[in-house]
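Student: model this:
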Amino acid sequence: MDAKLTGSIINKKRKELGLTQIQLAERLNVSNRAVSKWENGDGFPDITLLPAIARTLGITIDELLTGDAPTPVNNEQKDNTKILHQYKLIYTASIFFGLFSALLGGVTELYCIWAFPILFYTHWEIMFAAVSVFFFVISVMAQVIGLIRLSSFMSKGEIINRERKRLVALAGIDVVFPLCFIARIIDFSRFGVFMPYAMTALIIALVVVGILFLKGGKNEKE
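Tutor: Numbering: from 1, shown residues only. Below you'll find the model as predicted:
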């Protein structure tokens, strides 16, 4: 421990508070001669006095010994970082639920388009469709909650610029089951075996549009 450094810190902080050596000594229950020795670097305060000295001068013990002021904690930035972390977890959950809905519901409905001319021909189609709807709704709701959380400190434009790719990717996944379900409830006698091909072409077209959308947004940003 550097006696001269600690002494200069005591001297500086005492003067900033407008205290004399006598006044500081009275607050610490020591003699003004002891305070004078500390400030001149001729002596070092007893270790048991360090908490009282730091408290009286309005600084930490570390600052008293080293002169390094503690870094202020930005609570707002800390909260924003926490929200961003929560949003990543929510988005991951949304992707998982959306993929489950797309795979289970999409495969089920496309198969039924090929195999059965009547809507909800089997019990398992009803069950799989119900489960797919449930996970589709959970995926959308989770993402909405995540966006609401982001809006607490980000503007709408900032959210779009930051999350554009993720939102398009999630939308592309979530839209698969609804499209397949819509195709299933259409009058298939008009399209016959061409319906699965039409749905496949539509999904591919949506993917292409999404890619072009992302590319356009990237060019605007550049």
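Student: as a quick check, tell me the outermost residue of this protein.
Tutor: Note on the chain: the largest C-alpha distance from the chain mean falls to R33, namely 56.1 Å (CA atoms, centre = their mean).
Student: quick one: mean pLDDT for whichever strand or helix holds that one?
Tutor: Element membership for R33, per DSSP states H and E: helix 32-40. Mean per-residue pLDDT for helix 32-40: 88.
Student: what's the first helix or strand after the longest helix seen in the chain?
Tutor: Longest helix of the chain, by residue count under DSSP state H: helix 75-115. Downstream of helix 75-115, the first helix or strand assigned by DSSP H and E is helix 123-150.
Student: residue ranges in the protein under the pLDDT threshold?
Tutor: 1, 68-77, 117-121, 187-222 (pLDDT under 70).
Student: give me the neighbour count for N40.
Tutor: 13 (other CB atoms under 10 Å). In short, each C-beta sits where N, CA and C put it, glycine included.
Student: now the residue most central in space within the chain. Nearest residue, chain neighbours left out?
Tutor: By CA atoms, centre = their mean, the mean C-alpha position of the chain lies nearest to L84, the distance being 1.0 Å. Of all residues not flanking L84 in the chain, L150 sits nearest, at 7.8 Å (CB to CB, 6 or more residues apart in numbering).
Student: same deal with G67?
Tutor: With CB to CB, 6+ apart, the residue lying closest to G67 is I9, at 5.5 Å.
Student: just say helix, strand or coil for that neighbour.
Tutor: helix (DSSP: H, G, I helix; E, B strand; the rest coil).
Student: going forward, begin numbering at 129 instead of 1
Tutor: Shifting the count to begin at 129 puts that one at I137.
Student: returning to what we had before: who touches the following helix or strand past the helix holding R161?
Tutor: Downstream of helix 160-168, the next assigned helix or strand under DSSP H and E is helix 178-185. Residues from elsewhere that reach helix 178-185 (CB atoms under 8 Å, 6 or more residues apart in numbering): 138, 141-142, 145, 152, 155-156, 173, 188-189, 191-193.
Student: how about these in JSON lines, adding secondary structure, distance to V235 and neighbour count?
Tutor: Listed next are the contacts of helix 178-185 as JSON lines, based on DSSP: H, G, I helix; E, B strand; the rest coil; distance: CB to CB, whole Å; neighbours: other CB atoms under 10 Å:
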{"residue": "I138", "secondary structure": "helix", "distance to V235": "76", "neighbour count": "22"}
{"residue": "K141", "secondary structure": "helix", "distance to V235": "72", "neighbour count": "19"}
{"residue": "R142", "secondary structure": "helix", "distance to V235": "78", "neighbour count": "20"}
{"residue": "L145", "secondary structure": "coil", "distance to V235": "75", "neighbour count": "12"}
{"residue": "L152", "secondary structure": "helix", "distance to V235": "80", "neighbour count": "23"}
{"residue": "R155", "secondary structure": "helix", "distance to V235": "78", "neighbour count": "14"}
{"residue": "L156", "secondary structure": "helix", "distance to V235": "79", "neighbour count": "18"}
{"residue": "P173", "secondary structure": "coil", "distance to V235": "77", "neighbour count": "21"}
{"residue": "T188", "secondary structure": "coil", "distance to V235": "63", "neighbour count": "15"}
{"residue": "I189", "secondary structure": "helix", "distance to V235": "66", "neighbour count": "13"}
{"residue": "E191", "secondary structure": "helix", "distance to V235": "65", "neighbour count": "16"}
{"residue": "L192", "secondary structure": "helix", "distance to V235": "69", "neighbour count": "21"}
{"residue": "L193", "secondary structure": "helix", "distance to V235": "68", "neighbour count": "16"}
